[in-house]
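*Asks:* Sequence and predicted structure, then a few things I'm wondering about:
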Amino acid sequence: GVQCYQIKEGDQVNINVTSPGATMALALMFLNTSNRVVADWMRIPDTQYLLDFIRPDFLMLRVIASSLIMWDGIQPSEDWVNVNIPPIVGQYGLMKEADAQGTPDLHDIDFQTMSQAHCNIVAGCCLAIGLRFAGSANQQAFQTLMSYCGHFIDLQSNPILDQIGKVTLETCLDVSIISLAMVMAGTGNLQALKLCRQLHLRTGPDMTYGAHMAIHSAIGLLYLGGCHYSLSTSNQAIAALLCAFYPTYPSHSNDNRYHLQALRHLYVLAAEPRLVIPHDVDTGKPCYALIHVLLNQTQSHGEMTIQTVAPCLLPELHLIKEIKVLGDRHLPFAIDVSRNLEDTRYLLSNSGLLYVKQRAGKLSYAEDPKGYKSLLGQSFKYGDCPPMMVRGDMLKAFSSDPSILNMSTHFCQQLSGNSDPEESEFIRSVVSLLYDCLSQEKPELTTLFLQCEKFYKQQDVCQSTLSIVDLKLISAFVDRLIRSSKSTYVSEQYIICLLGNIEHRIMKRLQNAISRNALREYLLCGTFNADSISMDLSMFLVLQEIPFNTKIHIHEDMRHLLK
């Protein structure tokens, strides 16, 4: 076949073409293995003579490869970056050649090589930090990368720019910006966004297509998936990120000579949903919630807890041991991620919906950021509050539900302006029940209590005994819960009192000869006179649980007494 002279020049291999691919291949083969022998192959030369044999841009690839192999040794600090810079490069890297003229000891130093080597080594360290802490929003890594981004920006207006080279410095700046965006992926960090917008506004012949692509990629990473996604640091994800953000940028849109531009899309293989959004279980609306994330012990840190306010991005799931919803505004609960890993992944993939229950007497952070209004509800929750003392503004401290607020306002206004004693008594009982439901975190029972009160008030015109049956059923259910030592949502005293009042009112209306004769006829003969039957008598029979006539067995003495 036709020999490729770009790879081989005669019998010699063109290492300018093969070295980058081989370096990255070794890095991925020994990724996160801490193999010191292979990592030493990537060591940066520490003499001027050896540096002359390696292109300065290949030094960046060597630093990246060495760091990926010694994965756990990457530290998000300037000290770690300085350790990777050879002493000779650190000493003469940013020294201008004009300043060294006249010094006989420096006549062998190639200052251009030193300056380019220094910038490429720093940029390689930045990319290693970006890959190691991708999607973590690590503040130390963020501050370190922001510092180096500012460093490269300052060099663009420094006289040493001609010594470094505009293309070299622009490439190093683009690499540091991409690294910063990887660390803050999905966070929408404003400081990083301001920096990207500042660089985006640059124009001129020196701004190539690749420079704009790097800046726009960084902005996309900051808002990855609408801030629902972040980046993973698994081995497969790191390989995809290295292919997507390989530190060689095209000069124009059709430039695929050194890196296939289609590979820039491989970052999606490293993206994963990590946003959790609390929703109030009663209203279904998103809210703020205080959560504690318990992290597993790793080589870099022991078991630790992170306290944050959701909505937020969670760390990678393999780092999390438990997620707890705490604070004084919501009922606490915990998710054991180590035992429910698949369920947690499903939760995050399902828009990150996490339902929380708001405590009684507490408002949301949006309505009460400082918690001052919630103190009013707490003061009444743990003490006796007579119905006459309850006002509409007090009930507002327990709930922000519009239906509850409208109901409390309506009844409290009627209570203050009503002169009818019977009507006022009914409204006071409703207000008291409403306060009890809200303070005991039972707003859903408000409808049940209102129906009971409505039946009690309107039983004179009631045309069915079904409500009596319902009340008897509720009473039996509550009694069974109490006997089995279980908590009940309905007060037993309330049901007993309600049934007693209904029975008293029915007996009061049955104090007439027609009703007594009808009851006597039913008990003795098992039949009713259609003209004498009444709803009150039917309610009385159901309330007293007097069975159907075929089941009545009356003793002879009782039968004689009824006659």
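*Replies:* Nice, I can see it.
*Asks:* Might one say that residue 279 is in contact with residue 357?
*Replies:* No. The criterion here is CB atoms under 8 Å, and residue 279 misses it with residue 357 at 10.6 Å. For glycine as for every other residue, the C-beta is placed from the backbone atoms N, C-alpha and C.
*Asks:* Comparing the two, which residue is more hemmed in?
*Replies:* Using other CB atoms under 10 Å as the criterion, residue 279 and residue 357 rank with residue 279 on top: 18 against 14.
*Asks:* Return the backbone torsion pair for the more buried one.
*Replies:* phi -130, psi 140 (degrees, to the nearest 10).
*Asks:* and if you look at residue 182?
*Replies:* Dihedral pair for residue 182: phi -70, psi -40, per degrees, to the nearest 10.
*Asks:* Around residue 33, how many other residues sit close by?
*Replies:* Neighbours of residue 33 under the rule other CB under 10 Å: 13.
*Asks:* Could you check how far the nearest residue to it once chain neighbours are set aside is from residue 476?
*Replies:* Spatial nearest neighbour of residue 33, chain neighbours left out: residue 69 (6.2 Å); criterion: CB to CB, 6 or more residues apart in numbering. Distance of residue 69 to residue 476, given as CB to CB, to the nearest Å: 73 Å.
*Asks:* Those two: who's more crowded?
*Replies:* Neighbour count, other CB under 10 Å: between residue 69 and residue 476, residue 69 has more, with 25 against 11.
*Asks:* host element of residue 290?
*Replies:* Assessed by DSSP states H and E, residue 290 sits inside strand 289-295.
*Asks:* mean confidence score for that strand?
*Replies:* Averaging pLDDT along strand 289-295 yields 90.
*Asks:* Return it as PDB; C-alpha atoms alone will do.
*Replies:* Extracted as PDB, the C-alpha positions of strand 289-295 are listed here (Å, rounded to 0.1, in the frame of the first residue of the first chain):
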ATOM      1  CA  ALA A 289     -35.200  22.500  52.200                       C
ATOM      2  CA  LEU A 290     -32.200  22.100  54.400                       C
ATOM      3  CA  ILE A 291     -30.400  18.800  53.700                       C
ATOM      4  CA  HIS A 292     -27.400  17.000  55.100                       C
ATOM      5  CA  VAL A 293     -25.300  14.800  52.800                       C
ATOM      6  CA  LEU A 294     -23.200  12.200  54.600                       C
ATOM      7  CA  LEU A 295     -20.200  11.300  52.400                       C
END
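*Asks:* who does it pair up with?
*Replies:* Strand 289-295 has its sheet partners listed here by DSSP bridges as strand 304-310 (antiparallel), strand 320-326 (antiparallel).
*Asks:* Ranking the ones you listed by mean neighbour count, which comes first?
*Replies:* Here the criterion is mean neighbour count by mean count of other CB atoms under 10 Å, and of the strands paired with strand 289-295 the winner is strand 320-326, at a mean of 18.
*Asks:* tell me the mean pLDDT for that strand?
*Replies:* 90.
*Asks:* Quick check: next helix or strand after it?
*Replies:* Downstream of strand 320-326, the next assigned helix or strand under DSSP H and E is strand 333-336.
*Asks:* can you give me the angle the helix or strand that that following strand is followed by makes with strand 320-326?
*Replies:* Sequence-wise, the next helix or strand downstream of strand 333-336 (DSSP H and E) is helix 341-349. Here the directions of helix 341-349 and strand 320-326 differ by 60 degrees (axes from the mean of the first three to the mean of the last three CA atoms, to 10 degrees).
*Asks:* Sort out which residues of helix 341-349 are buried, please.
*Replies:* For helix 341-349, burial by neighbour count (16 or more other CB atoms under 10 Å) applies to 344, 347, 348.
*Asks:* mind giving me TSV with the residues you listed and columns for distance to residue 311 and pLDDT?
*Replies:* Converted to TSV, the buried residues of helix 341-349 look like this (distance: CB to CB, whole Å; pLDDT from 0 to 100):
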residue	distance to residue 311	pLDDT
344	16	89
347	13	90
348	12	90
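*Asks:* thinking again about what came up before, can you redo the strands paired with strand 289-295 as a markdown table with distance to residue 27?
*Replies:* Formatted as a markdown table, these follow (distance: least, CB to CB, whole Å):
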| stretch | distance to residue 27 |
| --- | --- |
| strand 304-310 | 30 |
| strand 320-326 | 28 |
